[in-house]
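In: attaching a predicted model along with its sequence, questions to come.
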Amino acid sequence: MAAPQRLFDIRRVIGGLFLVYGVVLTVTGLFDGSQAVQKAEGVRINLWTGIGMLVIGGVFLVWERLRPTAAPAPSQEDADE
Amino acid sequence: MAAQDLRLDVNALDYAILALYFLVVLGIGFAARRAVRTSLDFFLSGRALPAWITGLAFVSANLGATEILGMAANGAQYGLMTVHYYWIGAVPAMVFLGIVMMPFYYRSKVHSVPEFMRRRFNGATQLFNASTFAIAQILIAGINLYALALIMESLLGWPLWLSIVVSAAIVLAYITLGGLSSAIYNEVMQFFVILAGLVPIVVLGLVRVGGFSGLGEKVRQSVLGDGGLHTWAHTAGTDNPLNANWIGIVFGLGFVLSFGYWTTNFAEVQRALSARNTNAARLTPIVAAYPKLVIPVVTVIPGLVALVLFNNIGKNGGPTYNQAIPLLMDTFLPNGVLGIAVTGLLASFMAGMAANISGFNTVFTYDIWKSHIQGDRPDEWYVRLGRIATVVGVLGGIGTAFIAAGFNNIMNYLQSLFSFFNAPLFATFIIGLFWRRMTAWAGFWGLASGTAAAFASYILFKAGVVDFGTELNASFWGAGIAFVVDAVVSVVVTLVTTPKPEAELRGLVYGLSDASIADDALAGDAAWYRSPVVLGAGAVVLAAAFYLPFI
């Protein structure tokens, strides 16, 4: 019986997406003009959100690296979480 | 929620963020397609997912239009009493589902809730349940779609029809391709994106109003007054923002509505059925309970902030309560984060709709077509039928999107639907689970009469014959009445019909285990942090503790 193709790991997708978003927001935040900062009650919200998203993206990628789902086995013994 | 002149100041950056998200969503659909070989892969993700994924999908499937805009609207309208929807109206039921009911669902290897009804009762019960569920899912998908299109029209200036077509096409594409796996993966991703969009709104809103103490002070001076800051005060009578007494809250919302919705709604339960083993299935709703505990932070707080910042909200000529979150986005978010928030909002609408559609296609394929029309086709034939059902479901959702237009508060509309479809289902389910004598036809007649009773009470309320006060209170009572009628009819019919033999009930009722089912525990499942009982008790204790500062 052909083993069904394993589903890719969602942690890599979320990690990647958040890294991209994080970079975009961080850069935007660094160059935000005074108008954007004023709108956000004086907080550089793009910068902070960007950094937050970079951290979350990083956590997902590190987690996936440290605890990969096991090789495709019919018994499905994997050690994620 | 009539479109006010609220147009977000989105630019190319925000659109790029939005576009990237939908490219990734479609990418997930295409990638998931390669993992679909059998109908089990398509409808239940091959039963291979770990608990953290199914758990986040479980909470996310409920994080659609209902949750984000509806709960922020309730926050602005009713104040802190809105947290009842989370702490008493969700968490206990989710824990109960994980600890008590999930072993029966998962270990009997059914594909759906209606299939469980057929095994425990009979084919007529299955067909009745499957039909009402299928209709409800289409209606709710329509609500999600309509709400999403309104948001896109008012915020981004897209014409209504364009928003409906584009968002329906995206949902259609990724579910037709990858089935439940696509839906679940997108739900998990959406969960994080919506949080990334909402947290900045909460932070900036609190900065504006002077932190929590400033918010409290301003709510006291608002139309809500001091009542907006309490959850149980004055619930002996109805002199509180919700106009509900504690009996309605505890039994109507906390028991009948909540247990009905969380434990028998297949759009939710399906996520747990796709888990990799019994323990992961039991952990699914319990893992979901923890984020559920803290979601009010990003819904109720923005609602309260909107209430104190926009003093004409909810009044004639002012913005509607449903616009609380979009108003805050417009006020605080600069381009960039604004794109994230818009993306999160649209993604959450789509995830809600995708949950309805993936529930619909499974029930339609297995419980209506395969069980009652053509049951002898090869497996691939049903995968194809599931894809066709997806198309039908999405088209149906588009058609019913406009039914939602007549209601001012989306939440109330959904609540009344849930009280029709879920409260009697829960009564039948729970009696059948604990009372093995309950007969097959008692299942059918109990369910049919309970559903009819819920409809009747709602129609009488709408016609002004009975006065329940608010629409919300009417749904509490409608659900309670449906539950009681279902229970009484079930008992009466059971007493005059013959019960099923015990051999057919093994593994389906409490106290009659099925020794032939193998233990599917994995290494590590015995650890305390994977124990459904320990984690479930923790969630309930936290829910009770969270109430303490806001009694």
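Out: Received it, and whenever you're ready, just let me know what you need.
In: state the pLDDT value of residue A:79.
Out: Residue A:79 carries a pLDDT score of 39 in this model.
In: next: residue B:60.
Out: On the pLDDT scale, residue B:60 gets 88.
In: you'd agree it is up against residue B:350?
Out: No - the criterion here is CB atoms under 8 Å, and residue B:60 misses it with residue B:350 at 10.9 Å. No exception for glycine: its C-beta is placed from N, CA and C like everyone else's.
In: these two: who's more crowded?
Out: residue B:60 (29 against 26; other CB atoms under 10 Å in any protein chain shown).
In: now that one. Nearest residue, chain neighbours left out?
Out: Ranked by CB to CB, 6 or more residues apart in numbering or on different chains and with sequence neighbours excluded, the top spatial neighbour of residue B:60 is residue B:187, at 3.7 Å.
In: neighbours around the one you found, how many?
Out: Neighbour number of residue B:187 under other CB under 10 Å is 30.
In: repeat that for residue B:107.
Out: Applying other CB under 10 Å, I find that residue B:107 has 19 neighbouring residues.
In: find the residue ranges of chain A scoring beneath the pLDDT cut-off.
Out: Applying pLDDT under 70 to chain A flags the ranges A:1-7, A:70-81.
In: one more: chain B?
Out: Residues of chain B meeting the criterion pLDDT under 70: B:1-5, B:65-66, B:402-420, B:471-472, B:515-517.
In: hey, which helix is longest across it?
Out: helix B:160-209 (DSSP state H).
In: show me which residues of the stretch 401-550 of chain B sit near chain A.
Out: Within the stretch 401-550 of chain B, the positions adjacent to chain A are B:522, B:523, B:524, B:530 by CB under 8 Å from any CB of the partner chain.
In: filter these to the buried ones?
Out: B:522, B:530 (16 or more other CB atoms under 10 Å in any protein chain shown).
In: re the thing from before, identify the contacts common to residue B:60 and residue B:350.
Out: Here residue B:60 and residue B:350 have residue B:190 as joint contacts, going by CB atoms under 8 Å, 6 or more residues apart in numbering or on different chains.
In: okay, now the residue nearest to residue B:542 when sequence neighbours are not counted: neighbour count?
Out: The shortest distance from residue B:542 to any non-neighbouring residue, by CB to CB, 6+ apart, is to residue B:293 (5.7 Å). By other CB under 10 Å, the residues close to residue B:293 number 20.
In: give me the next element, helix or strand, following the one helix or strand residue B:293 maps to.
Out: Here residue B:293, judged by DSSP states H and E, is contained in helix B:278-294. The helix or strand immediately downstream of helix B:278-294 is helix B:296-309, counting by DSSP H and E.
In: quick one: residues contacting residue 25.
Out: All of this refers to chain A. The neighbours of residue A:25, taking CB under 8 Å, 6+ apart as the test, are A:46, A:47, A:49, A:50, A:53, B:336, B:337, B:340.
In: hmm, no, I was thinking of chain B.
Out: Per CB under 8 Å, 6+ apart, neighbours of residue B:25: B:170, B:174, B:186, B:189, B:347, B:350.
In: SS state for the residue in chain B that chain A sits nearest to?
Out: At 3.6 Å from chain A, residue B:334 is the closest residue in chain B, using CB to the nearest CB. Assigned by DSSP: H, G, I helix; E, B strand; the rest coil, the conformation of residue B:334 is coil.
In: residues near it, how many?
Out: Neighbours of residue B:334 (other CB under 10 Å): 26.
In: name the nearest residue to it, ignoring sequence neighbours.
Out: The nearest residue in space to residue B:334 (CB to CB, 6+ apart) is residue A:36, at 3.6 Å.
In: before we move on, what about residue B:62?
Out: Nearest residue to residue B:62, sequence neighbours excluded (CB to CB, 6+ apart): residue B:268, at 6.6 Å.
In: now that neighbour: how far from residue B:133?
Out: As defined by CB to CB, to the nearest Å, residue B:268 lies at a distance of 12 Å from residue B:133.
In: cool, and residue B:147?
Out: 21 Å.
In: who has more neighbours out of those two?
Out: residue B:133 (27 against 24).
In: could you check the angle helix B:160-209 makes with the strand or helix carrying that one?
Out: Assigning secondary structure by DSSP H and E places residue B:133 in helix B:123-151. Going by axes from the mean of the first three to the mean of the last three CA atoms, to 10 degrees, helix B:123-151 is angled at 70 degrees with respect to helix B:160-209.
In: I'd like to know which elements helix B:123-151 is packed against.
Out: Using 3 or more CB pairs under 8 Å, 6 or more residues apart in numbering or on different chains; DSSP states H and E as the contact test, the elements touching helix B:123-151 are helix B:65, helix B:113-120, helix B:160-209, helix B:337-362, helix B:371-372, helix B:379-400, helix B:410-421, helix B:440-462.
In: now it against helix B:113-120, angle please.
Out: Going by the same axes, to 10 degrees, helix B:123-151 makes 170 degrees with helix B:113-120.
In: quick one: buried residues of helix B:123-151?
Out: B:124-151.
In: tell me which element the nearest residue to residue B:188 once chain neighbours are set aside is part of?
Out: Of all residues not flanking residue B:188 in the chain, residue B:56 sits nearest, at 4.6 Å (CB to CB, 6+ apart). Here residue B:56, judged by DSSP H and E, is contained in helix B:51-60.
In: many thanks, we can stop here.
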